[in-house]
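Chemist: Predicted model and sequence below, questions to follow.
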Amino acid sequence: MPESLDFITPAEIAKITKVSRWSIARDLQDGKIPSVEIRGLRRVLVSDFIAWIERQKAESLQKAKERQACEAPRRGRGRPRKAAVNKAATAAGTL
């Protein structure tokens, strides 16, 4: 066992991640963030917190790749300009 264990509180996790304390408490309760209870107070090992952050990053990257794979490639700069649409409609005789 290591000589010293560094712990972080749920409030500190919330402050660092800029997520509500309630969301962190829910993740702790669900076991998504490994923690221990010391004299009724919930604590997280810094190494477990870092591992949780790394998992969150990996999941986020995976979701982004999946979204990107599902999207059809776009041509040009998005929607055609209104003037171009009106010009095409006039040429076709529909405007």
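Modeler: Arrived safely. Numbers count the residues shown, from 1 in each chain.

Chemist: Read off the pLDDT value for Arg67.
Modeler: pLDDT, Arg67: 83.

Chemist: Quickly find the element holding it.
Modeler: Per DSSP states H and E, Arg67 falls inside helix 46-70.

Chemist: any idea how far that helix is from the chain center?
Modeler: In terms of Cα atoms, centre = their mean, to the nearest Å, the centre of helix 46-70 is set 7 Å apart from its chain centre.

Chemist: And that helix, what's buried?
Modeler: Using 16 or more other Cβ atoms under 10 Å as the burial criterion, the residues of helix 46-70 that qualify are Asp48, Phe49, Trp52. The way it works is simple: take the backbone N, C-alpha and C, and place the C-beta from them, glycine included.

Chemist: same thing with stretch 37-47?
Modeler: Under 16+ other Cβ under 10 Å, the buried positions of stretch 37-47 are Arg42, Arg43, Val44, Leu45.

Chemist: who's in contact with the last one?
Modeler: Read that as Leu45. Residues in contact with Leu45 (Cβ atoms under 8 Å, 6 or more residues apart in numbering) are Leu5, Asp6, Phe7, Ile8, Pro34, Val36.

Chemist: The fourth one: neighbour count?
Modeler: Same thing as Ile8. Counted with other Cβ atoms under 10 Å, residues neighbouring Ile8 total 17.

Chemist: Equivalent analysis for the third one, please.
Modeler: Other residues within reach of Phe7, judged by other Cβ under 10 Å, total 16.
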